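Undergrad: can you look at this prediction? I've put the sequence above it.
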Amino acid sequence: MQFQNLRPDRTTLSVILSSCARLRFLEGGKQIHGVAIRTGISKNSHIVSGLIAVYSECEKMEVSECIFDDCINYLDVACWNSMITGFSRNSMDTKALSFFKRMHQTSVLFPNETSYATVLGSCSSLCSLLHGRQFHGQVVKSGYVSDLFVETALTDMYCKCGAIDSAKEVFDTVLFKNTVLWNEMIHGYAHNGRGDEAVGLYREMITSGEKPDRITFVSVLTACSHSGLVDTGLEILGSMQRDHGIEPELDHYICIVDCLGRAGRLEDAEALAEATPYKSSSVLWEIILSSCRVHGNVSLARRVAEKLTSLDPQNPAAYVLLSNTYTSVRQWDESAALQELMNKSRVRKSPGRSWIT
């Protein structure tokens with residue numbers, strides 16, 4: 001285009017900026033920023049929105065803020081949404097909330113469905129039920145309560161804030177539910193310790209004709225694991241390929257191995273891990289070894305630890321978890337000998353860290 005002496009316009013630069021944001025190509029974004037300045041369109045709202053997206057995706061929020069503040073009088077709601085999204089993506093959720101309120105206070109621009117969906121996501125990350133309920137009220141007043149993206153964000157917010165009954169109330173009002181919304185609600189039940197309801201909702205989803213995906217099965221199998229629904233979990237795992245044409249992946253096997261381990265069916269967990277296509281994954285064996293400590297099964301713990309060390313000799317988890325198993329049954333000498341072996345093999349455990357000082 002440049003070789004043919006054609007001058008790029010705002011559409012050209014907006015498309016390129018969008019690509020740079022997706023690729024997190026900071027250098028390319030800077031070059032387009034320079035072109036926008038030279039051609040005199042750097043304060044166009046489409047360009048500003050694209051620039052904010054690039055710098056946000058490249059974790060340069062301070063640059064995004066400078067661009068935003070420099071063009072504050074030229075901005076539309078899309079630019080405000082880009083800033084709120086940038087803060088949310090960079091785990092600056094408190095700032096996302098304050099920017100949303102700042103937009104609301106302008107009394108010139110009004111939040112749209114994207115604004116509400118994004119800020120509700122920040123409420124979810126902060127587990128701020130108080131803010132979430134306030135924004136829910138604004139959603140109702142603004143007329144976006146029937147937007148599917150907003151409904152999904154509301155459901156997710158209530159689930160992550162522990163208000164699972166409020167989430168179900170929102171869920172029940174949605175007329176046309178998609179797979180994402182079903183997944184959010186099942187996942188919410190799973191992580192709030194209501195496994196039976198998660199399984200019931202999964203079965204309701206199947207009955208409704210909605211097609212489950214791999215995320216659906218991770219959610220419902222997690223519910224089975226956390227609620228001790230071993231036989232139900234095994235039945236659902238078996239139905240994935242048979243009834244839905246979805247090949248179980250590592251995450252699904254992790255859920256079931258964990259489910260079996262929690263229930264004390266350690267030999268079954270070992271047999272399943274050995275039979276999966278992912279038996280070389282250390283995660284499966286670490287789960288079983290951790291369950292051995294809970295149930296005091298030393299013989300299996302030794303066998304699984306050997307398996308782990310053969311997969312990765314420098315993995316400290318095998319030594320640490322086996323040592324924990326020994327101490328759980330008061331076999332102090334074996335634990336000390338294992339610590340000595342760990343030192344001789346020069347295997348180092350990374351120290352834990354905490355924000356608390």
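TA: That came in fine, so what should we check first?
Undergrad: who's in contact with the residue nearest the centre of the chain?
TA: Nearest residue to the geometric centre of the chain (C-alpha atoms, centre = their mean): Ser125, 10.1 Å. By C-beta atoms under 8 Å, 6 or more residues apart in numbering, the contact list for Ser125 reads Ser88, Ser91, Asp93, Lys160. (C-beta placed from N, C-alpha, C; glycine too.)
Undergrad: filter these down to the ones in strands?
TA: Counting by DSSP state E, no part of the contacts of Ser125 is found in strands.
Undergrad: how about those residues in a markdown table, adding distance to Lys43 and neighbour count?
TA: Shown next, in a markdown table, are the contacts of Ser125 (distance: C-beta to C-beta, whole Å; neighbours: other C-beta atoms under 10 Å):
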| residue | distance to Lys43 | neighbour count |
| --- | --- | --- |
| Ser88 | 24 | 23 |
| Ser91 | 29 | 11 |
| Asp93 | 28 | 21 |
| Lys160 | 38 | 24 |
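Undergrad: farthest pair within those?
TA: Greatest spacing in the contacts of Ser125, by C-beta to C-beta: Ser91 and Lys160 (14.6 Å).
Undergrad: with only the CA atoms kept, save the strand or helix carrying Tyr55 in CSV.
TA: Per DSSP states H and E, Tyr55 falls inside helix 45-57. Below are the C-alpha coordinates for helix 45-57, written out as CSV (Å, rounded to 0.1, in the frame of the first residue of the first chain):
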residue,chain,number,x,y,z
SER,A,45,-11.9,7.6,18.6
HIS,A,46,-11.4,4.5,16.5
ILE,A,47,-7.6,4.9,16.6
VAL,A,48,-7.6,5.8,20.3
SER,A,49,-9.6,2.6,21.1
GLY,A,50,-7.2,0.5,19.0
LEU,A,51,-4.1,2.0,20.6
ILE,A,52,-5.5,1.5,24.1
ALA,A,53,-6.2,-2.1,23.2
VAL,A,54,-2.6,-2.7,21.9
TYR,A,55,-0.9,-1.2,24.9
SER,A,56,-3.3,-2.9,27.3
GLU,A,57,-2.7,-6.3,25.8
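Undergrad: could you say what helices and strands that helix packs with?
TA: Judged by 3 or more C-beta pairs under 8 Å, 6 or more residues apart in numbering; DSSP states H and E, the packing partners of helix 45-57 are helix 10-23, helix 26-38, helix 61-70, helix 77-89.
Undergrad: Provide the contact partners of the first one at residue level.
TA: The one in question is helix 10-23. When contacts are defined by C-beta under 8 Å, 6+ apart, helix 10-23 is touched by residues 1, 25-26, 28-29, 32, 35-36, 41, 44, 46-47, 49-51, 53-54, 56-57.
Undergrad: mind giving me the PyMOL command for buried ones among those?
TA: The buried subset of the contacts of helix 10-23, as determined by 16 or more other C-beta atoms under 10 Å, is captured in PyMOL by this line:
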select buried, resi 25+26+28+29+32+35+36+41+44+46+47+49+50+51+53+54+56+57
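Undergrad: tell me the most buried of the helices and strands packed on helix 45-57?
TA: Of all the helices and strands packed on helix 45-57, helix 77-89 has the most neighbours on average by mean count of other C-beta atoms under 10 Å, namely a mean of 23.
Undergrad: run the chain-centre distance for the helix or strand in which Ala271 is found.
TA: Per DSSP H and E, Ala271 falls inside helix 266-275. Relative to the centre of its chain, helix 266-275 is centred 28 Å away, using C-alpha atoms, centre = their mean, to the nearest Å.
Undergrad: show me what the helix or strand following that helix is packed against.
TA: Toward the C-terminus, helix 266-275 is succeeded by helix 282-295 as the next helix or strand (DSSP H and E). In terms of contacts (3+ C-beta pairs under 8 Å, 6+ apart), helix 282-295 is packed against helix 250-262, helix 266-275, helix 298-311, helix 316-328.
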